[in-house]
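In: got a sequence here, can you build the structure:
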Amino acid sequence: MRKPLRIHKTWLIALAITIIALGTVISVLVFATGDSRLTIAPYADVVRFQADGVATLQVRIFDLSGKVVWDSSIVSGGIVDWNRNNDFGERLAYGAYIYSAQGWNAQGGLDLQKNGKLALMPGDKVQLQAAPVASSTSIPATEEKPPYAPMDYSYGDLSISGNLGIGVDPGVFPIDIRKAVGYGSLGFQIVEQNRPIVWRFEVIGNTVPGRAGNFEITESGVANHFVIAPGGNIGIGTVSPSAKLEIQSSTGQDLIAAYPSFSRVAGSAVFVVKHTGEVRADGAYYSGTGGFHTGGADVAERINTSEWVDPGNVVEIDPEHPGFFRKSSSPYSTKVAGIISTSPGVILGNSFDEATDDWDDNRPVLAVTGRVPCKVSAENGPIQIGDLLVASSTPGVAMKGSPERAIGAVVGKAMELLENGEGTIVVQVMLR
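Out: Got it, this is the predicted structure:
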């Protein structure tokens, strides 16, 4: 009689384990290059990235096109847990992904850089334990926390009757956010659902040169829109304002624009500061005891001319073209109106171009008072300081006038000498 086959119980257990292992599909496959201090372990609830010897860590997950699908941001300690979702909380599809991990030391220097691939696979048969509570040895342990007072809250629209503490318990203020000292920032972000628009509200960490202590509001992390720096300086378009209010524009936009209503059509602003420094305002200007200061020494107005005129020319009213001016045409002309200004301190009568939303008026400017350079001739003798000047026989050029004949023809008084020939001297404009 054949003896029955005996199989030891230990071998049965080993065989069962082998069969189960062969039927298991691994849920996360990792292919890595770079620093060996980073380890990646899959758990039932998260994939854990753990780096030894770093003070802060950041992990980003990319799809194969290079688009960031999840960003942990910079966190204190050497552990980052990823729940396999994207930044919008959606579960990622099975397939291959790329990860990038960066770690910094306590001084803010980059201390770890590692890149690799992750393969998310169906893992229904994999029996994984939940991840243990993360603890970091990179940040010194704090003293024992005081007893925590539970908050009253309700579901639906979140309602909290006590202080909300994030990183501290209990909170000292109604909203109390704290972070361990280290690289990075403290703040929060608002993400528009299913769109790549992110608003970040941050207080920048002390280890970021030039920005330490800044409160910054940014969009999508690409440009600084609003900054309050330590000391109270406010910056718009800059991270390091050097004045109590500093505005920068790198796109040619207006620095300041004020509107009287909700209407913002072209030309409706009542006050504008252009990126070039040009200031435009509707309405009157009122000054206190400080007065109005300008670099020019004359007041001038825009005029229409019937012929080409140059700075320094004496002009007269053109009787053949009402509303227009021309160069002075005869000695002692009583039609003289002033001298074409070179660089006026104040310009009156500018025309606004509604089509281009611009005050770019290129018409000549006629000095009606103040000091300006003037083209003169010694036709009636050398010009002395204080001489009355009138139109000469040369169009647009002044000469010394005889007091007896100058009444009604004076365009100004000489402030410099001219011995002979023609030249240009400074003249005090005065029509009489």
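In: just for the stretch 251-400 of the chain, where's the confidence low?
Out: Where the stretch 251-400 of the chain drops to pLDDT under 70, the residues are 262-267, 285, 289, 352-360.
In: those strands in it, which residues are they?
Out: The residue ranges that make up the strands of the stretch 251-400 of the chain, judged by DSSP state E, counting those that start in this stretch, are 256-258, 271-273, 279-281, 298-302, 314-317, 325-327, 336-340, 346-348, 365-377, 388-391, 398-400.
In: again, but for the stretch 1-150 of the chain
Out: Counting by DSSP E, counting those that start in this stretch, residue ranges of the strands within the stretch 1-150 of the chain are 28-34, 38-42, 47-51, 56-62, 68-71, 75-76, 79-82, 95-104, 110-120.
In: take these and write them to TSV, including mean pLDDT, distance to I339 and mean neighbour count.
Out: For the C-beta atoms, the positions are set from N, CA and C on the backbone; glycine is no exception. Output for those, formatted as TSV (pLDDT from 0 to 100; distance: least, Cβ to Cβ, whole Å; neighbours: other Cβ atoms under 10 Å):
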stretch	mean pLDDT	distance to I339	mean neighbour count
strand 28-34	56	76	13
strand 38-42	89	79	18
strand 47-51	92	78	21
strand 56-62	93	69	22
strand 68-71	92	66	16
strand 75-76	90	72	19
strand 79-82	93	76	20
strand 95-104	90	69	19
strand 110-120	87	67	17
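In: for A337, find the nearest of those strands.
Out: In terms of Cβ to Cβ, the element of the strands of the stretch 1-150 of the chain nearest to A337 is strand 68-71, at 68.9 Å.
In: given the closest one, what are its sheet partners and their directions?
Out: Looking at strand 68-71 with DSSP bridges, its paired strands and their directions are strand 56-62 (antiparallel).
In: and the angle for the partner strand with strand 47-51?
Out: The directions of strand 56-62 and strand 47-51 differ by 140 degrees, with axes from the mean of the first three to the mean of the last three Cα atoms, to 10 degrees as the criterion.
In: please enumerate residues in contact with strand 56-62?
Out: Among residues not part of strand 56-62, those counted as contacts by Cβ atoms under 8 Å, 6 or more residues apart in numbering are 49, 51, 68-80, 82, 86, 92, 97-104, 112, 118, 138, 182-184.
In: and stretch 397-417, by the same measure?
Out: Judged by Cβ under 8 Å, 6+ apart, the contacts made with stretch 397-417 from elsewhere in the structure are 313-314, 328, 331-334, 336, 338-339, 371, 374-392, 422, 425-432.
In: which of those residues are buried?
Out: Members of the contacts of stretch 397-417 that pass the buried threshold by neighbour count (16 or more other Cβ atoms under 10 Å) are listed as 313-314, 328, 331-333, 336, 338-339, 371, 374-380, 383, 387-392, 425, 427-429.
In: look up how far G277 lies from the spatially most central residue of the chain.
Out: Most central residue of the chain, judged by C-alpha distance to the mean C-alpha position with Cα atoms, centre = their mean, is G237 at 2.0 Å. Separation of G237 from G277 (Cβ to Cβ, to the nearest Å): 15 Å.
In: I figured S392 was touching E379, is that so?
Out: Yes. In terms of Cβ atoms under 8 Å, S392 counts as a neighbour of E379; the distance is 4.8 Å.
In: which neighbours do these two share?
Out: By Cβ under 8 Å, 6+ apart, S392 and E379 have these common neighbours: 331, 399.
In: tell me how far the residue nearest to the centre of the chain lies from G171.
Out: In this structure, G237 and G171 are separated by 34 Å, where distance is defined by Cβ to Cβ.
In: what do you get for G77?
Out: As for G77, its distance to G171 is 21 Å (criterion: Cβ to Cβ).
In: and what of H275?
Out: From H275 over to G171 (counting by Cβ to Cβ), the distance is 44 Å.
In: do Y332 as well
Out: The spacing between Y332 and G171, counted by Cβ to Cβ, is 89 Å.
In: can you list the domains in the protein?
Out: Annotated domains of the chain cover 28-120, 162-247, 252-284, 298-429 [automatic domain parsing].
In: quick one: end-to-end length of the last one, please.
Out: Taking Cα to Cα, to the nearest Å, domain 298-429 runs 9 Å from one end to the other.
In: chain center to that domain: distance?
Out: Domain 298-429 has its average C-alpha position 46 Å from the chain's average C-alpha position, going by Cα atoms, centre = their mean, to the nearest Å.
In: next: the first one.
Out: The gap between the average C-alpha position of domain 28-120 and the chain average comes to 31 Å, counting by Cα atoms, centre = their mean.
In: do stretch 215-233 as well
Out: With Cα atoms, centre = their mean as the basis, stretch 215-233 stands 9 Å off its chain's centre.
In: do a quick rundown of the helices in the stretch 301-432 of the chain.
Out: Residue ranges of the helices in the stretch 301-432 of the chain, as given by DSSP state H, counting those that start in this stretch, are 403-406.
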